[in-house]
Structures are given as structure tokens and as C-alpha cells.
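Visitor: the sequence and its predicted three-dimensional model are supplied below.
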Amino acid sequence: MLKLKKGVLLIDQHDKNYMYGGKFGGNFIPETLKKPIEDLTNLFGKLRYDNNFIKERDYYFKNYVGAPTPFIKLENLTKYLGGAQVYAKVVSKANGGAHKIYNAVVHALICKRAGKKYIVGDTGAGYAGKMLSMAAKKFGLKCKIFMGAKDIKRQKPNCEAMRKNGAEIVPVYSGSQTLVDAVSECMRYWVSNCDTTHMAVGSTVGPNIFIKICAWSTAQISRELIVQFKEEFGGVPKKLKLINCVGGGSSAAGFWNEFIDYNKSQVELIGVEAGGPKNSKLHAAPLTFGSKIGILHGAAQYVIQDKDGQIGKTSSISAGLDYPGISPLHCFLKDTKRARYTSASDEESLQAYKLVSELEDLSPSLEPSHAFAEAIKITPKLSKDTVICVNSCGDAKKDRAIITKRLGFFR
Amino acid sequence: MISKISLAFSQCKKENRPALLTYTVAGDNTKKKSLEILNAIAPHVDILEIGIPHNTPVADGGQIQTSAYRAIKNGIKVKDIFQIVQQFKKNSLNKPVILMGYYNIIFQQGEKSFLKHCKRSGVDGLIVVDLPWPENKNFASKCKKQSINFIQLLSPTTSDIRMKKIIKESHDMVYYISMLSTTGGTLKVSAKEILKNYNKIKKINPKQNVVIGFGITEKTISSLTDADGLVVGSALCKAISNALSRGTNPVRMAENMVKKLRSKII
């Protein structure tokens, strides 16, 4: 069995080939990208230990993102479910309405340090794109966002925000017209423009350096949480479960970062993938349903694919989770058994949204609604001294049309 | 033993012209049609690259993507690709064939099994777009043991030190990517600039066969005839797409284009 190292950041637990556990990640990239990726790796390698850069990051996290985001008890939900105490880390209160702002701000700062004026990124739910467009506007960068044509239709409010921020949205019509194709097209654009343009991959996927930058950025979530636990409980609770949705896996990587070294009998990490429509064979849950390791977007990972190695079709009500692969970091956490992965169907997630938004002053987007679905499932079975914390990493405004159509209301 | 790839280059050198390499996608638009295309263009081509279609090709532009998606949609599988090569080699045993694709296809089959199938069907070389040096060292040496050429790629972003190391470990041919682009982009740098980089590579090892690809069309090919070889891919895929959308014969269309290309380099 693969083993995690203690006292070493998860993102740094790779070998010289940038592989985690010798199996996941790496840099499976065209020759043209070798140099730009090496340059970025060197630059970030310096910046992450540069006090001025850290100060700058923390300044913008505090004064622009609005750190720390709230940590609240969901008292009504706790009472309703009976069992464990349910809390939420309301990351959706961050500027822009989701965790994607952390990665976007850090990439914009790196882009400036690299002396580049153009920044490009991919997006699924539109949050990564919206946040990158915000950060680009804030730091005076020209921004292009690649987005699947299907996602442009289903996530309109975020597209409007991107355009308002002055970003160009490039619709991607190839393949399934969702996130997987947006990432491919963005990488293609970078192959052609890597001399002038910085690329920001929107999640903890892609060549190793993008996984690192993203998880390093979202780690802010768990740094805040550690402090908030201390304030609320005097320390990290003795029985804690951290539940997070996983698509690419960026919010979960950040939510869990500070807790990896804890014993799993104290801090259980639960990742919830997109199970897709109830009566469909399609899903976006490669870990839950045992997909094989393959190469997608420059990294080895568990990925939905056929026997030949063609990437498989996915389906999810949540555009942000609708991705055939999953971060190599999560593959590594799965194989080391540090985290447990399961899935929630479209319908379960909608029901979770319904219950949470009815009982609490919280309107989680369809992505964290997957995490809430799992919380709702397990809470009644757990003891009263167990603390469940769900990362409510996105706001439902972008999902208004889908939720209204499926549930007949929107809160 | 001298490889068929090396022999093809020596022959071209005797004729004082660059080698013409083509790239078409296996199974585009059907298994049968793509074999017919190979058979029709082979007499005018020195080395044939056959693309293994993949549905998330991060280094390919629109034309090759269209061909690849079309082939996959029409049901092409990896086993069919080896059959295409085998069939092709029945008539053209000495014409070198290079398979070009993405690593996941090889990884799923298993490197050993993939190479066994290559050997059995008569594949002469492999280009794996997303398995750069030094990550490809291990696989490249496995290829060498099977007398299959592993073809290294170089690009305008490849540093001088890296270039030297790659060339040192290369087999009978290296592939220079003309510009920062996916396949099929408009040639955005001058022929002079491309040849400057090309000559830098040749200087490191004058004996190495170096081909130039990306952005090579009927229009641009004659400006680069100083190279050991020139690869035309997207332009051909586009011709096939055009023929299909007009309802004309893609085999003739491809053959005519290849004839024209050849006339421009001799």
C-alpha cells in the first residue's frame, strides 16, 4: 500500500518525475510546454518561500478575498438530523462566491512576477473563469477564458460576470462541450502562446506545477479552519469529519491540507464525487466507481475511459464536478486510504440543497450540495460528540435556472 | 541493420531532395477508406505517419481533431490501426510507417503489448506527443530493443542544453516543431527563422535526420526544402474533410494533394 509522509506538504510528496506514489501526476506534456512549465516551476519554487510574495498574497486574501470566511454551526440542520453536530465552512462568502478566488489571485500575482500581461484559464461551472476575470481586472491583465459551449448555456450568471470584468469567453465546441474540452482547448492555446501568456489551470489538475499552485492557494481554507476550530472547541475536535465535494478536487485539497497528518480516527476526510443522474450509467465519479489509471491533461490519474484509452463521457447536474478525471492528489489520498471517496447523485444533491436552504440561511451551489448530501446521509448515524464540517465552497446563484427547473423554487 | 527510416532518408539525399512525410489519421473517415488513402499516397511519399486518434488531443489543432473525432465516431479501435498497418505493409513492405499518438493509448494497452503489436504489424517508428524527454527514456529504450524508432521532438522552446541531450539519445530521426503552435496553425514565423533553428540542430549532429513539421502546406513547403524532411498533416486532413463535405472522393483528393506537394520539393 502507498504511504503518506508526515510533516511534508501533500503537494510536495512527489518523486523526481513529479509523480505521487510513483503512480499519479507527472508532466505528460508536449515538448513545447517543457520550457514554460520548467520556468513556472522555478518561479513558483522561489515565490512560495519569498516573504514579500507571501505578504502580498496574505494582503489580498484579507483585503480583497475577504479572509477569513465564516465558520458556522448549522443548528437547525443538526437538530433536524439528530446525531453529529453539523457545521459549515462558508467559503462561498469569499469575494466572487467560491473558493476559486484563491487560485485566481495567486495566478494573477505570479503572472505579474513573470512579467506577462496575458492570462488564460479554463472553467466548468464558471467560477474559475469568473474569479480569474476578477483577478485579471484587479491586477490589470488581459484575460481569456475557455469554456465548454454546454456550460456557457447552463451557467449564464457567471458568464455575464466574466464579460463584465472585461474577459473574453472562448466557447469550446469540441467533444462534450464541457470542462474536459475547455481544459484541452486552453492547453492548446497555451502551446501556441506560451511566450507571452500565463496559463492558470482552474483546479488541482494538469501538469504538476498547476496542481501545486492551486492546492497551495486553496490551503488558505484549512489554515483559517484550524484557527476557527480553536476558537469554537479549543482545538481540533476529537471526532471530526471533513466533507467536501470533488470534481477536479481543488476545494477539497485546500480544505484538508492542514489535516492530512492527523490520525484518520480523529479527522476523517470524505470526498463526494458527482454520481450523475439516478437512473443513468453516466457519472463523473472515477474514484467511487473504480476507473483505471490513465493520462488526462498532462497527469496520470484515475480517469473515466474506455479500454483503448479514449476519455469517457460524464454526466452531472453540477458543471463544476462534471470532469472525467480527478486530481492526482486525491488519487494518492485514496490509495493511501487517508481519504474516503463516495458519490451523490443529481437527485440526492438537489434534495440536499432543498433541505439545507430550507433550514439554514445558506444557499450552497450544486457542487457543495453533493457534500451536504453525504453529510445528511451519515449525520443521524453518528454520536453527538462528532463534529461534521462541510465545505460550502460555492454559492447557488449561478445554478438558479437549473434549481428552479428541477425543484420549482430557488432560495 | 539499417532501419527503413534511415534508408528512406539516404534515398532522398541521393536524389538531392527532402523526404516527404505525410500524416493521416487511422480510420478517417473509415478503416477501409484510410487504408485506401495510404495505398494511394504511398508511391509519392517517403515516410507515412499514421495518427492514432485520441479524443482529448491537447497538441492538435482543429483539422486533426476533426479527423480524429470522425474516426473515433466511426468506430476505429487500436486493434484496427494495427490491422491497417499490416494490410498496408502487404503491398508496400519497404515504405516506413510511423505511428503518432498520445501516451494514454499505449499506457492502456501496456507498453510491452503495444510494442509487440507494432512489431507484428510492421510499424517502423513511434511519435508520442505527450511523452517528452527525459520521461520517455525508459520507453524509448524498449522501442530500440525492438528495432522500433522512437522519434524525439524538439521545439522552438527547447533550450540548447536540452537539445544536445535529446539529440544524443535520439534514434534515426528527430522531429522539429516549426513554431509555437498546435498542429495545423498558420506558419507564423519566417522560413528563415525556422531554418536557423533547424541548422542549430544539424550542427549538433550533422548526420541526424531532422524533419520539420507544423504549418507545412502547399504554400509553405517550397520555402523549407533545405530540411532533411518535411511533414504535412493538417493540410491533408483538411483536404479529406473538404472532400467528405462536398461528397467527392477523399482518396483522390489526398492523392492529388500529395502529388502537388511532391512536385514542389523536387
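Guide: Noted; the coordinates are in hand.
Visitor: alongside chain B, which residues does chain A contribute?
Guide: Residues of chain A that fall close to chain B, judged by Cβ under 8 Å from any Cβ of the partner chain: A:17, A:26-36, A:174-175, A:180-181, A:184, A:187-188, A:191-195, A:292, A:294-298, A:305, A:307-311. For every residue, glycine as well, the C-beta is placed using N, CA and C.
Visitor: just the buried ones out of the residues you listed, please.
Guide: A:26-36, A:174-175, A:180-181, A:184, A:187-188, A:191-194, A:294-298, A:305, A:308-311 (16 or more other Cβ atoms under 10 Å in any protein chain shown).
Visitor: those in helices, which ones?
Guide: Those of these mapping onto helices are A:31-36, A:180-181, A:184, A:187-188, A:191-193, per DSSP state H.
Visitor: run the chain-centre distance for stretch A:232-252.
Guide: Chain-centre distance of stretch A:232-252: 14 Å, with Cα atoms, centre = their mean, to the nearest Å.
Visitor: what of stretch B:106-113?
Guide: 20 Å.
Visitor: for it, how far is the first residue from the last?
Guide: 9 Å (Cα to Cα, to the nearest Å).
Visitor: quick one, what contacts the closest residue to B:Val78 other than its chain neighbours?
Guide: Among residues not flanking B:Val78 along the chain, A:Asp308 sits closest, at 4.9 Å (Cβ to Cβ, 6 or more residues apart in numbering or on different chains). The contact partners of A:Asp308, taken as Cβ atoms under 8 Å, 6 or more residues apart in numbering or on different chains, are B:77-78, B:105, B:108-109.
Visitor: any idea how far A:Asp308 lies from A:Ile388?
Guide: The gap separating A:Asp308 from A:Ile388 is 42 Å, by Cβ to Cβ, to the nearest Å.
Visitor: kindly report the same for A:Ile317.
Guide: For A:Ile317, the distance to A:Ile388 - Cβ to Cβ - is 23 Å.
Visitor: for B:Asn205, same thing?
Guide: 63 Å.
Visitor: and residue 229, what pLDDT?
Guide: As the question left the chain open, I've gone with chain A. Note for A:Phe229: predicted pLDDT of 98.
Visitor: other chain: chain B
Guide: B:Gly229 is given a pLDDT of 98.
Visitor: would you list the phi and psi of it?
Guide: Backbone torsions of B:Gly229, given as degrees, to the nearest 10, read phi -160, psi 150.
Visitor: same thing with B:Thr30?
Guide: According to degrees, to the nearest 10, B:Thr30 has phi -130, psi 170.
Visitor: can you count the residues close to it?
Guide: 15 (other Cβ atoms under 10 Å in any protein chain shown).
Visitor: skipping adjacent residues, who's closest to it in space?
Guide: Nearest residue to B:Thr30 in three dimensions, chain neighbours excluded: B:Asn74, at 5.3 Å (Cβ to Cβ, 6+ apart).
Visitor: quick one, what contacts the one you found?
Guide: Applying Cβ under 8 Å, 6+ apart, the residues near B:Asn74 are B:27, B:29-31.
Visitor: where's B:Leu20, which helix or strand?
Guide: Assessed by DSSP states H and E, B:Leu20 sits inside strand B:19-25.
Visitor: can you tell me the strand partners of that strand and which way each runs?
Guide: Paired neighbours of strand B:19-25 in the sheet (DSSP bridges): strand B:47-51 (parallel), strand B:229-232 (parallel).
Visitor: can you list those strands in a markdown table and add mean neighbour count and distance to B:Ile5?
Guide: Converted to a markdown table, the strands paired with strand B:19-25 look like this (neighbours: other Cβ atoms under 10 Å in any protein chain shown; distance: least, Cβ to Cβ, whole Å):
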| stretch | mean neighbour count | distance to B:Ile5 |
| --- | --- | --- |
| strand B:47-51 | 25 | 6 |
| strand B:229-232 | 26 | 10 |
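Visitor: quick one: those strands as a markdown table, columns for distance to B:Gln152 too.
Guide: Listed next are those as a markdown table, based on distance: least, Cβ to Cβ, whole Å:
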| stretch | distance to B:Gln152 |
| --- | --- |
| strand B:47-51 | 15 |
| strand B:229-232 | 14 |
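Visitor: out of those strands, which is closest to A:Pro207?
Guide: Closest approach to A:Pro207 among the strands paired with strand B:19-25 (Cβ to Cβ): strand B:47-51, 23.0 Å.
Visitor: okay, B:Asn205 and A:Ile388: which has more neighbours?
Guide: Remark: of B:Asn205 and A:Ile388, A:Ile388 carries more neighbours, 28 against 14, as counted by other Cβ under 10 Å.
Visitor: strand partners (parallel or antiparallel) of the one helix or strand that one maps to?
Guide: Per DSSP H and E, A:Ile388 falls inside strand A:387-391. Neighbouring strands of strand A:387-391 in its sheet, by DSSP bridges, are strand A:85-89 (parallel), strand A:240-245 (parallel).
Visitor: re earlier: closest to B:Leu153 out of the contacts of A:Asp308?
Guide: B:Ile105 (17.0 Å).
Visitor: OK, contacts around that closest one?
Guide: Counted by Cβ under 8 Å, 6+ apart, B:Ile105 has contacts A:308-309, B:52, B:54, B:78, B:114.
Visitor: from the contacts of B:Asn74, which two are the most distant?
Guide: Checking the contacts of B:Asn74 with Cβ to Cβ, the most distant pair is B:Asn29 and B:Lys31, at 9.5 Å.
Visitor: B:Ile265: neighbour count?
Guide: Residues lying near B:Ile265 (other Cβ under 10 Å) number 17.
Visitor: and it, its phi and psi?
Guide: phi -120, psi 0.
Visitor: what's the burial count for B:Asn16?
Guide: B:Asn16 has 8 neighbours, counted by other Cβ under 10 Å.
Visitor: can you give me the strands in the stretch 301-411 of chain A?
Guide: Using DSSP state E, counting those that start in this stretch, the strands of the stretch 301-411 of chain A run over A:339-345, A:387-391.
Visitor: parallel or antiparallel, which strands does the longest one pair with?
Guide: This means strand A:339-345. With DSSP bridges as the test, strand A:339-345 is paired with strand A:267-276 (parallel).
Visitor: buried ones in the strand it pairs with?
Guide: A:267-276.
Visitor: do stretch A:5-18 as well
Guide: Buried-residue list, stretch A:5-18, by 16+ other Cβ under 10 Å: A:9-11, A:13-14, A:18.
Visitor: okay then, goodbye and thanks.
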